[in-house]
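**Q** Got a predicted model here, sequence first, then my questions.
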Amino acid sequence: MHLQSAYMPNYFAIDDILATQERTPCKFIVNVPTLGVKLNPSAEGDDIQVGTTLELPMWLVQQLGRGRQPVVSVDLPQMYKEAYREVLKADPRAVNLHKFGLYFYELGSYAKEFDNQREVNDILIHTFKGRFRKIMDLADNISSDSTAQDSLDVLERRLYTDGHRSRSKLNAWLVESGVPLEAANMVINHRKRKRVDIEDI
Amino acid sequence: MAMDPEEVEFLAEKKLVSIIPTFNSNVIHLISGDIGPFRASLPVNVPLWIAVNLKQQQKCKIQPPDWMDVDRLQELKEEEKMSRTFIKMPSEHYMIEAKLLLGCASDDIPRADEIRTVIKDIWDIRMSKIRSSVDVLVKGAGTYAAVDNLTLMEINSIRPLLPHALDQLYRMRKTRKSAGTQSQNSSTFLSMNVNSKNTPSKS
Amino acid sequence: MFCDKAHTLIKELDRNRDILPPYNNDLVNEIGKEITTLIEQNQIDAQTNETRNSEGVSLMPTIRVRHAAIHRNLRCILAYHYNRLNSLRTMRWEFGSILPVEIKVNLSTAESNWFAKYSSTLAKYMRSLGEDGGVNLAVDMKPPKALYIEVRCMVDYGRFELSDGSVLLLKKNSRHYLPRCECEELIRQGVFQHIVN
């Protein structure tokens, strides 16, 4: 029995750290002295002037874009803007979400804070509901498209992995009549890797 | 919480099945209860796991449960096809019983191969309904799906995919606190106490 | 850009989800230096009168950016150590209390010490359960089906002593019919392969 809880972003979660590294366009509404070069490699002066637009990572945007005295005004990343939303609304399943935005759902959950129209929220939910069947079919080995896996974003991929692992166990059980003990997964992978390393010499 | 199929099987193995022993023995006291006494040629009820064990040692003959009959199963299959929901199966663990009994005692069960095929057909029909049902649940405004009469092995087949998917949907629906309040993951500069000597410490 | 090194550190973990790459001492130290530098710069700017620079522009935004970077670096370092430790803990259950050499070399000294302590705490706990020397929690991960099982030896393991004192010589491809509880750990380590008809 495995107590697998669903992914929830937390302080130590690698996926959350990587998702908050994704960038979003911002416009500076105050001057920021000294940091010109640090934040904008092609800057001319030492300071960042009011009105400069830059793409900043979400972890920084969260500190600068909120509160009583924001330093920047935040815009939405490209993939949540109208043109892209229309593509997603038309047929969510046809979109290669991996190319569209690797952290589509995670980044979206942060970006939606800066969206006054609640459209980001809606498009995330709509897309997920539309694509769920695809994920389920993939996990159950029903889908005949072996490359479909590559078009999933990080969140979908995680769901697919969990579902697929569980389905594989069920299929194995249906096929066999005994319960073979097996070497631990880490041990198997470790051995495989070792073999490859030796062959490289 | 997802279980391994072997764990579901472990639970199902407690179910009683009728056997005809080829040996004699007094009552045997086990942790899970007493079994026997055993008199050769007289039917007796034992848990499935014991029946399989005895059969493998050729110490008994297995009597298939009433529902493990080709005609009865064909009827059930037709019912399942017609029904929009799930019919009640004659056994809470039909798939496991079938696998274990047909696996070790197919010589004691008439038309074993046909039975295997029909049961698999029923299983496939039900699994297909489950998948459609789950998809509707995730997509729809509905907040529940009717899962009456599903066996544990079938319910376990959609774990953890369905609960995890619903959790992610829940995360998306939850709206973040409005901008201007603090988040839990990081502290804003304005909340940091630079001069801690000004604030009284609480023990 | 701030925190690029921290990002590299985390990406290293992301690429190696189920194995432990060598502990990146250098990168961790460099990030530590970046944090210290940022703190010093902020302290200087914060002490300037009314936090305005020579042209009268407020230094607050600058301080805030650096502050965010400090916390980001901290988060990445903590996550790096935390996730590695989690992996290490899982390894105790998958590999047993003795880790293969290829993994041991990738651990930092602190991690090795931690593993030894965890192993011994776990052993102490298991010994304390029930009577008779305790319960080994690392066996019977799946419901056992039989008392004796047939196994094939996958490597030239050498001498193996059973609990009744008898000794077996385990050569590659030899088959044995043994009590399940004696074999379980060797099966998990990949020395034995369970044969099922």
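**A** Received, thanks.
**Q** Neighbours of the residue of chain B found nearest chain C, how many?
**A** Per Cβ to the nearest Cβ, B:Phe10 is where chain B lies closest to chain C, at 4.0 Å. Every C-beta, even on glycine, is put in place using the N, C-alpha and C of the backbone. For B:Phe10, the count of nearby residues is 18 (other Cβ atoms under 10 Å in any protein chain shown).
**Q** From A:Gln4, how far out is the closest residue to it other than its chain neighbours?
**A** Leaving aside its sequence neighbours, B:Phe10 sits nearest to C:Pro143 (Cβ to Cβ, 6 or more residues apart in numbering or on different chains; 4.0 Å). Counting by Cβ to Cβ, to the nearest Å, the gap from C:Pro143 to A:Gln4 is 19 Å.
**Q** One more: B:His164?
**A** Following Cβ to Cβ, the distance that separates B:His164 from A:Gln4 is 8 Å.
**Q** same check, this time on B:Val27
**A** For B:Val27 relative to A:Gln4 (Cβ to Cβ), the value is 43 Å.
**Q** more crowded one of these two?
**A** Using other Cβ under 10 Å as the criterion, B:Val27 and A:Gln4 rank with A:Gln4 on top: 15 against 10.
**Q** Need the three-state assignment for that one.
**A** The three-state assignment at A:Gln4 reads coil, by DSSP: H, G, I helix; E, B strand; the rest coil.
**Q** How about the contacts made by it?
**A** With contact taken as Cβ atoms under 8 Å, 6 or more residues apart in numbering or on different chains, A:Gln4 is in contact with A:Asp162, B:Met1, B:Ala2, B:Pro160, B:His164.
**Q** any common contacting residues for B:His164 and A:Gln4?
**A** Shared contacts of B:His164 and A:Gln4, counting by Cβ under 8 Å, 6+ apart, come down to A:Asp162.
**Q** Take the contacts of A:Gln4 and lay them out in CSV including pLDDT.
**A** Below are the contacts of A:Gln4 laid out as CSV (pLDDT from 0 to 100):
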residue, pLDDT
A:Asp162, 91
B:Met1, 72
B:Ala2, 84
B:Pro160, 92
B:His164, 93
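**Q** Show me which pair in these is furthest apart.
**A** A:Asp162 and B:Met1 (12.5 Å; Cβ to Cβ).
**Q** Need the residues touching each of the two.
**A** When contacts are counted by Cβ under 8 Å, 6+ apart, A:Asp162 and B:Met1 are jointly contacted by A:Gln4, B:Pro160.
**Q** and those two? which has more neighbours close in?
**A** Legend: neighbour count by other Cβ under 10 Å for A:Asp162 and B:Met1, higher for A:Asp162 (22 against 11).
**Q** After the helix or strand where B:Ile20 lies, which helix or strand is next?
**A** Using DSSP states H and E, B:Ile20 falls within strand B:16-21. Toward the C-terminal end, the helix or strand that comes next after strand B:16-21 (DSSP H and E) is strand B:28-30.
**Q** on contacts alone, who are the packing partners of the helix or strand just after that following strand?
**A** Next in sequence after strand B:28-30, counting helices and strands by DSSP H and E, comes strand B:33-35. Counting contacts by 3 or more Cβ pairs under 8 Å, 6 or more residues apart in numbering or on different chains; DSSP states H and E, strand B:33-35 packs against strand B:44-47.
**Q** Which residues does whichever helix or strand comes after the strand it packs on contact?
**A** Proceeding N to C from strand B:44-47, the next assigned helix or strand is helix B:48-56, under DSSP H and E. Around helix B:48-56, the neighbours that count as contacts under Cβ under 8 Å, 6+ apart are B:12-17, B:19, B:21, B:35, B:46, B:60-62, B:97, B:100-101, B:103-105, B:108.
**Q** Next one: the worst-scoring helix or strand of chain C on mean pLDDT, is it in contact with chain B?
**A** Least confident helix or strand of chain C, by mean pLDDT, DSSP states H and E, is helix C:180-188 with a mean of 80. No - Helix C:180-188 is not in contact with chain B by Cβ under 8 Å from any Cβ of the partner chain; minimum separation 14.1 Å.
**Q** same for that helix, what does it pack against?
**A** Counting by 3+ Cβ pairs under 8 Å, 6+ apart, helix C:180-188 packs on strand C:148-153, strand C:192-195.
**Q** Now the first one - C-alpha only, PDB.
**A** Right, the one you point to is strand C:148-153. Below are the C-alpha coordinates for strand C:148-153, written out as PDB (Å, rounded to 0.1, in the frame of the first residue of the first chain):
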ATOM      1  CA  TYR C 148       9.300 -21.900   0.700                       C
ATOM      2  CA  ILE C 149      10.200 -20.400  -2.600                       C
ATOM      3  CA  GLU C 150      12.500 -21.300  -5.500                       C
ATOM      4  CA  VAL C 151      15.200 -18.800  -6.400                       C
ATOM      5  CA  ARG C 152      17.900 -18.500  -9.000                       C
ATOM      6  CA  CYS C 153      21.200 -17.000  -8.000                       C
END
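**Q** With that, I have no additional questions.
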